[in-house]
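> sequence first, then the predicted structure:
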Amino acid sequence: MKLDGKTAIITGGARGIGHAIAERFLREGARVVIADIDQEEGNAAERDLEKLGEARFVRADVGKRLDVHNLVASTIDAFGDIDVLVNNAGIDHQASFLDLAEDDFDRVLRVNLKGAFLAGQAVARIMADRVKAGGPAGTIINMSSINSVVAHPDQVPYAVSKGGVGQLTTVMALGLAPYGIRVNAIGPGSISTDMLARAKADPVAKARILSRTPLGRIGEPEEIASIAAFLASDDASYITGQTIFADGGRLA
Ligand code: NAD
């Protein structure tokens, strides 16, 4: 198994892509902590995931430093170490540029970009200390999006935040390379989760997505989880600072 004996934190792991990553990591032999702001969904996910292996849920808002520190401390308490962090928690807000409210801009940036910074820094400090003490390095995966490089007029803070996640990945990879800590990102296209539910339910929006996706279908969360499992494993030992796009071939 690719992740035997490794401990992983997956933020936004109660649902969607994060839940699929947790499932895949458990099947690959990892111990998993899912962190999510949604207590009810998190408890349900923990019950579900425990059937596959060692899984814990910790309630945390990734945009709050104290929550992130509690998440890191709870993971060390439960499993003793952290080998993999997946910064997956994310939210969207749709509005035209002219109508966009300042609060909504801040809210999306706080979760998608600042959340990845806070959790990334807190976990990287633990990983760097472990390397200094002669231990193995860990790895960090940030969830970006096709929207980091492709713009749509009604997704202003989302696209800006994901563009930021792309650069955050690059600067983290450079800063942490001396410790052997690898940092990469995944850039999904349209994936079948709650985040996409509104677009899927609207035939016009769905047709628009399919028309710009050469493979002609919406992706499944498991198709993102398999990339996360690869990047988290030693199979990706010489890959850092990259974003792997999984978007059915989308060009726009
Ligand atoms: P989702 O809405 O199904 O799940 C997101 C999870 O994050 C939820 O469980 C939610 O409770 C949690 N979350 C939200 N705010 C949080 C916070 N402040 N702290 C902790 N947890 C929080 O979404 P998804 O489609 O599974 O998206 C997961 C990631 O993938 C996001 O970063 C998203 O931007 C990215 N992504 C999704 C798609 C897609 O088409 N679904 C495409 C590209 C990128």
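Received, thanks.
> drop to CA atoms for contacts and neighbour counts, all remaining ones
Noted.
> so what does the helix or strand encompassing Ala229 touch, helix or strand wise?
Per DSSP states H and E: Ala229 is located in helix 221-232. For helix 221-232, the packing partners by 3 or more C-alpha pairs under 8 Å, 6 or more residues apart in numbering; DSSP states H and E come out as helix 16-27, strand 139-143, strand 182-188.
> list the strands paired with the last one, with their directions.
Translated: strand 182-188. The strands that strand 182-188 pairs with in its sheet are strand 139-143 (parallel), strand 243-246 (parallel) (by DSSP bridges).
> for the chain, what are the low-confidence residue spans?
Within the chain, the segments meeting pLDDT under 70 span 251-252.
> up against the ligand, what does it have?
11-18, 36-38, 60-63, 88-91, 111, 143-145, 188-196 (C-alpha under 6 Å from any ligand atom).
> ok, 5 Å please
By C-alpha under 5 Å from any ligand atom, the residues of the chain that approach the ligand are 12, 14-17, 36-38, 61-62, 88-90, 111, 145, 188-191, 193-195.
> are any of those buried, and which?
12, 14-17, 36-38, 61-62, 88-90, 111, 145, 188-191, 193, 195 (16 or more other C-alpha atoms under 10 Å).
> and Asp99, its phi and psi?
phi -90, psi -10 (degrees, to the nearest 10).
> circling back: how about the helices and strands packed on helix 221-232 in JSON lines, adding distance to Ala44?
Formatted as JSON lines, the helices and strands packed on helix 221-232 follow (distance: least, C-alpha to C-alpha, whole Å):
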{"stretch": "helix 16-27", "distance to Ala44": "11"}
{"stretch": "strand 139-143", "distance to Ala44": "23"}
{"stretch": "strand 182-188", "distance to Ala44": "25"}
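> show me where the stretch 1-150 of the chain has helices.
16-27, 39-49, 65-79, 102-109, 115-132 (DSSP state H, counting those that start in this stretch).
> circling back: deepest of the strands paired with strand 182-188, which one?
strand 139-143 (a mean of 27; mean count of other C-alpha atoms under 10 Å).
> right, and the helix or strand after it?
Next in sequence after strand 139-143, counting helices and strands by DSSP H and E, comes helix 156-176.
> next one: Ala199 from Ala207, what distance?
9 Å (C-alpha to C-alpha, to the nearest Å).
> try Tyr179
Tyr179 sits 46 Å away from Ala207, going by C-alpha to C-alpha.
> tell me the contacts of the residue nearest the centre of the chain?
For the chain, Asn88 is the residue whose C-alpha lies nearest the centre (C-alpha atoms, centre = their mean; 1.8 Å). Counting by C-alpha atoms under 8 Å, 6 or more residues apart in numbering, Asn88 makes contact with 10-13, 17-18, 142-143.
> the helices and strands packed on helix 221-232: which one's closest to Arg130?
Across the helices and strands packed on helix 221-232, Arg130 has its closest neighbour in strand 139-143 (12.5 Å, C-alpha to C-alpha).
> hey, C-alpha coordinates of the closest one in PDB?
What follows is strand 139-143, C-alpha atoms only, in PDB (Å, rounded to 0.1, in the frame of the first residue of the first chain):
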ATOM      1  CA  THR A 139       4.500  16.400   2.100                       C
ATOM      2  CA  ILE A 140       1.800  19.000   1.500                       C
ATOM      3  CA  ILE A 141      -0.900  19.100  -1.200                       C
ATOM      4  CA  ASN A 142      -2.900  22.200  -1.900                       C
ATOM      5  CA  MET A 143      -6.300  22.100  -3.700                       C
END
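> that strand vs helix 221-232, what angle?
150 degrees (axes from the mean of the first three to the mean of the last three C-alpha atoms, to 10 degrees).
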